[in-house]
Structures are given as structure tokens and as C-alpha cells.
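With the input below, show me the fold.
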Amino acid sequence: MILSYHPCYEADRNMLCAGREPDEKDLSAIRAADAVVLPQGCREALYRMARQNCPHVFPDYDARFHYPGKTGQTKLFQALDAPHPRTWVFDDLKHFQNCGEVVANAGFPIVFKLDWGGEGDTVFLIRSNNDLALAMSTASAYEQSGQRGFIIQTAVLGSKRTLRVAVIGKTRVAYWRIQDNPSIFGTSLAKGARIDTEADPNLRRKAMALTRSFCQQTRINLAGFDFIFDESGSAKKAPQPLFLEINYFFGRTGLGGSARFYTMLQAEINNWLADLGLIVNRSSMAMAAREIL
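As a prediction, the model looks like this:
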């Protein structure tokens, strides 16, 4: 029996757990299932219940919940020796006050990122000590509401674009997000960036290969990976992809919209179930797993 908690994936049994904690009915259903399909934004409690009581769960969010937030992702990159900008992780403001001189000695510009947030809303370019003081003031204000943790990275200069590699099962789609406005820091679509699916296929292939290897190590099968390249011209070698972050709940515009995303997602869930021998010849399996450059 296939159990789905995803509102857009119909299975043998369908349940919802939105806005509530899982209960005994959920536990009973999960224990009876051969496989469980969870929504992209599922709570940790539901995921843990599924992982502990069913042999097969999609998506695989072990890395998401074991290495939460931007601080956790940095620790994951470090643990796997994945290429990323030099990064310092701080649990809270006190931690920074005790160790922040290491960052100060790195020089400006640097990038400050709160542990949470999307679309670049909690990411700031720091050009001076005044900017840094303002960032620490922001961190302090959030700490008073119970939200702690931030990272500081060396800024990767010379690039006004980032590469998104969306991983949906065994399908991977790569596209650029390019910021044409020189006065704006950040390449999110919310900040006016545009999508380019054609530029620099060699760089896209490098990031795609790195994503493939990373996902083999972590078993991540539903996420959007963001990469940056040092395109300042000062690098002695050809630009190499550097991990910026992992987005487990990512936008769909670069994939062709929500309808296109759900078509890919449903096909990949079916492929996953077919690989497990749990379903055969569903119509949406016509979309084969592939890489889209």
C-alpha cells in the first residue's frame, strides 16, 4: 500500500497533516504502508515518524533535518569537503563576540546570512565595519524573538549571477539567475533577476556533476542547489562551482511553472516507486529521468 500526504499525488491511501502534529492515526497508516510520499514542506515530526516506521519515504530529508538552516548546510558542506566560499558559522551573537576577530581579519566585502529566510531577504553584503555593526544589530533583534544563528562568508566577486540546479528525483534542471542591475545585491527573482537557460553550458555541466556526486553522498532527491562561480578574472584556473546553499522548498518559475514542476514530481515519484517494485506502468512514467542543461 502506498500512502501519500502530498495533496498533488494520489496514491492507494491519501491523508493530510497540514497545520497539525502527526497522531496515532498517522502512525497506524504509516506502519501499514509499503512507501510514504510526503509534501515538500512537511514538518520534521511527520518526517521522523515516517522514516522510523516505514522502509521507503520520499523525499529523503535526512540531510535537511540533520543539518538544518544555513548554519547546518555549511556544516554539511564542510563535513563532505564540498567546495563553497570560506564560511564562518556562529550559533548566536555571543559566539560572534568571542570569535568575530577571525572574520574582521578576513577583510571586506563579506556576506552576512541569517540562519533562515528565502529569496535573499536575510542576506546582506557587508562592505565596512558600520555595515557589520548593523548586521549584528539585526541578529540581536532576531535573537530577542528566539531566532538564533547566522553565517558569514567571503564574498565571491566578479559575478552577478548564480546557478540553480533543481533536483527532482533523478531529474536535474540547471538554469542561471542573472542580476542586471549593478546597484542590487542578490540574484533572486524577487530582486529582479532574470532566468537564462542557455548561457555557459560547460559551467552548468560542472555544477550538474557536482550536484550528482553530492546527492549520491547525502541521498537528497528533492531540493534546489545554488552555486556561484568566481568570475572576477583573477582566478588562475577556469571558474569552478561553489555551493552557496540548499533550498528544500524552491521556486518553480525556472522549471516552467508549477504545473510543469508537478508533472516532473509525479513522474519521479512514480519512477521511485517502480524502482522499488511497488508500481508498474503508470501513465506519467513516460517522462524519463534526465538532466536538463
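
Give the full set of residues in contact with residue 155.
Shown in contact with residue 155 (CB atoms under 8 Å, 6 or more residues apart in numbering): 85, 109-111, 125. C-beta here means a position set from N, CA and C on the backbone, and glycine is covered the same way.

One more pass at 10 Å, please.
By CB atoms under 10 Å, 6 or more residues apart in numbering, residue 155 lies in contact with 85, 106-111, 125-127, 185, 228.

Can you tell me the closest non-neighbouring residue to it?
residue 109 (4.2 Å; CB to CB, 6 or more residues apart in numbering).

Could you give the number of residues near that neighbour?
14 (other CB atoms under 10 Å).

right, and it touches residue 158 too?
No - applying CB atoms under 10 Å, one finds residue 109 not in contact with residue 158, separated by 12.0 Å.

before we move on, back to that, list only those of the contacts of residue 155 flagged as buried.
The neighbour count (16 or more other CB atoms under 10 Å) marks 85, 110-111, 126, 185, 228 as buried among the contacts of residue 155.

Beyond the helix or strand where residue 223 lies, next helix or strand please.
Assigned by DSSP states H and E, residue 223 falls within strand 222-229. With elements assigned by DSSP H and E, the helix or strand that comes after strand 222-229 is strand 241-247.

Return the list of strands paired to that next one, each annotated with direction.
Partner strands and pairing direction for strand 241-247 (DSSP bridges) are strand 222-229 (antiparallel).

what about the partner strand, average pLDDT?
Mean per-residue pLDDT for strand 222-229: 97.

next one: stretch 92-103
For stretch 92-103, the per-residue pLDDT averages 81.

Kindly report the same for stretch 42-62.
For stretch 42-62, the mean per-residue pLDDT is 98.
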